[in-house]
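# Structure of the sequence below:
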Amino acid sequence: MSKENLSDWPLSHTSAEEEEEEEEDDGELKVCQVCGDRATGYHFNAMTCEGCKGFFRRAMKHPTKFCCPWQGVCVITKNNRRQCQACRLRKCQSIGMMKE
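Numbers count the residues shown, from 1 in each chain. From the prediction side, this is the model:
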């Protein structure tokens, strides 16, 4: 086994191809229209992250009546998106996400 300098190894496991997929044509990062996290592409007719894509898919597969404990005015962000399912689903629908 040869001795290699560990500082020569890349710190990220993201390939150049994956990085290209996460950027718009103009080089800007894609942003989830629901929570503002880094988007991975168009899912259910909207630019979303993997978390919001999965949440919406599960919400459509197993319809549940969600109820907001905070009067239905939650601002959905990357950091709080798991706190209110009712407002998150409402935001998904308001940006045009729909069952495929």
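
# switch to C-alpha atoms for all contacts and neighbour counts from now on
OK.

# Next up, the contacts around the closest residue to Asn45 other than its chain neighbours.
Distances taken as CA to CA, 6 or more residues apart in numbering put Met97 closest to Asn45, at 5.3 Å, once the chain neighbours are dropped. Applying CA atoms under 8 Å, 6 or more residues apart in numbering, one finds that Met97 lies in contact with 43-46.

# of these, buried ones?
43-44, 46 (16 or more other CA atoms under 10 Å).

# By residue count, which helix of this structure is the longest?
For the chain, the helix that runs over the most residues, judged by DSSP state H, is helix 50-61.

# Buried residues of that helix, list them for me.
Buried residues in helix 50-61 (16+ other CA under 10 Å): 50-53, 55-57, 59.

# Report the buried residues of the next helix or strand after it.
Counting by DSSP states H and E, the next helix or strand C-terminal to helix 50-61 is helix 85-94. Within helix 85-94, the residues that qualify as buried are 85-89, 91-92, counting by 16+ other CA under 10 Å.

# Please apply the same query to stretch 57-74.
In stretch 57-74, counting by 16+ other CA under 10 Å, buried: 57, 59, 74.

# That one: end-to-end distance?
The straight-line separation of the ends of stretch 57-74 (CA to CA, to the nearest Å) is 21 Å.

# residues in contact with the closest residue to Cys74 other than its chain neighbours?
Closest residue to Cys74 apart from its sequence neighbours, by CA to CA, 6+ apart: Cys87 at 6.0 Å. Cys87 makes contact with 68, 72-76, according to CA under 8 Å, 6+ apart.

# 7 Å instead?
Cys87 makes contact with 68, 72, 74, according to CA atoms under 7 Å, 6 or more residues apart in numbering.

# likewise His43?
Contacts of His43 (CA under 7 Å, 6+ apart): Lys53.

# So which residue is smack in the middle of the chain?
Cys49 (1.6 Å; CA atoms, centre = their mean).

# my guess is that residue contacts Gly36, does it?
No - applying CA atoms under 7 Å, one finds Cys49 not in contact with Gly36, separated by 8.3 Å.

# where do the contact lists of these two overlap?
Between them, Cys49 and Gly36 share no contacting residue under CA under 7 Å, 6+ apart.
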